[in-house]
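Peer 1: I would like the atomic coordinates for the input below:
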Amino acid sequence: MPPGVAAGEPVEAFWDGHRIAGEAWGDGPSVFLVHGWGGCRAHLAVFVKPLVAQGYRVIAFDLPSHNESDSGALAAGRTTVVECAEALRAVVAAHGPARAVVAHSLGAKAAALAAVQGAAIDRMVFLAPMGDFAPYLDLFAERHGFGPRIRAGLHRRLDRRLGTPLVNTDICRIAGSLEDPLPLLLIHDPDDPDSPHETSERIAEVWPGATLFTTRGLGRLAHYRILRHRPAIDAGLRFIDQGH
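Peer 2: Next up, the predicted model:
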């Protein structure tokens with residue numbers, strides 16, 4: 001946890017018999033913090049103190065197969081974005097509704113998927129979101145030296161593993177299927193090498209009413225530095241408080 005953030009009240013939720021572990025701080029409307037791939041609930045905990053000071057109950061939890069949470073249908077240490085969305089839906093159902101969800105990287109993709117599946121969320125803040133999988137498949141193919149045929153086969157296997165086409169998890173695709181789009185703030189830095197700034201630009205174009213806040217100068221570690229960047233945090237706090 002960041003300095004000055006004491007251990008919170010233990011909380012948990014369950015989906016299909018799998019336990020999701022988390023912590024809660026404060027009282028008031030609930031705000032949920034969703035970390036990215038390979039992370040843990042402490043990664044967004046810099047939001048805890050200011051949100052509690054603003055009168056919110058803050059809930060941070062570990063995604064499936066991360067840190068203290070159970071794995072899902074796959075082996076230990078493995079999960080999918082679909083399972084991550086199910087986990088968020090379960091946590092919101094148990095401890096919500098959500099005044100807001102603050103989500104990073106793949107956690108943002110899971111949050112968008114949970115929203116379109118009916119999770120009770122009022123508004124969302126996405127930090128350096130992962131927009132779609134296609135560029136990552138291209139990069140994986142390039143790094144491992146295989147061509148279009150093997151890439152297409154990998155894509156089909158991933159579709160089967162998820163139980164839905166990969167494209168259905170793309171945030172831009174999700175934006176077009178929301179009957180009542182949620183207020184959305186996107187926060188991104190052009191230096192980010194892991195999730196291009198153009199991802200948030202595209203999302204802002206197709207998500208009705210979305211706002212893009214661009215940070216500057218975070219360097220090659222921008223994807224993670226944004227989680228401790230004061231202007232980014234302040235922008236998220238202002239957005240969550242709007243209309244409250």
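Peer 1: centroid residue for the protein?
Peer 2: With distances taken as C-alpha atoms, centre = their mean, the residue of the chain nearest its centroid is residue 107 (2.0 Å).
Peer 1: you'd agree that one is up against residue 38?
Peer 2: No - counting by C-beta atoms under 8 Å, residue 107 does not reach residue 38; the two are 10.8 Å apart. For glycine as for every other residue, the C-beta is placed from the backbone atoms N, C-alpha and C.
Peer 1: secondary structure class for residue 180?
Peer 2: The local conformation at residue 180, judged by DSSP: H, G, I helix; E, B strand; the rest coil, is coil.
Peer 1: what separation do you get for it and residue 37?
Peer 2: Distance, residue 180 to residue 37, using C-beta to C-beta, to the nearest Å: 28 Å.
Peer 1: between those two, tell me which one has more neighbours.
Peer 2: residue 37 (17 against 5; other C-beta atoms under 10 Å).
Peer 1: wait, is the more buried one part of a strand?
Peer 2: No - Residue 37 sits outside any strand when classified using three-state DSSP, being coil.
Peer 1: look at it and report its pLDDT.
Peer 2: Looking at residue 37, its pLDDT stands at 93.
Peer 1: just list the residues touching it, thanks.
Peer 2: 105, 106, 107, 130 (C-beta atoms under 8 Å, 6 or more residues apart in numbering).
Peer 1: measure residue 121 to residue 192 for me?
Peer 2: The spacing between residue 121 and residue 192, counted by C-beta to C-beta, is 24 Å.
Peer 1: residue 158 too?
Peer 2: Separation of residue 158 from residue 192 (C-beta to C-beta) stands at 24 Å.
Peer 1: and for residue 4?
Peer 2: Applying C-beta to C-beta to residue 4 and residue 192 gives a distance of 27 Å.
Peer 1: for these two, indicate the residue with more neighbours.
Peer 2: Neighbour count, other C-beta under 10 Å: between residue 4 and residue 192, residue 192 has more, with 24 against 8.
Peer 1: who's in contact with the spatially closest residue to that one that is not a sequence neighbour?
Peer 2: Nearest non-adjacent residue to residue 192, counting by C-beta to C-beta, 6 or more residues apart in numbering: residue 222, 4.2 Å away. By C-beta under 8 Å, 6+ apart, residue 222 lies in contact with 128, 189, 191, 192, 193, 215.
Peer 1: just the mean pLDDT for whichever strand or helix holds residue 222, thanks.
Peer 2: Using DSSP states H and E, residue 222 maps to helix 222-225. Mean pLDDT, computed over helix 222-225, is 97.
Peer 1: tell me which residues in it are buried?
Peer 2: 222, 223, 224, 225 (16 or more other C-beta atoms under 10 Å).
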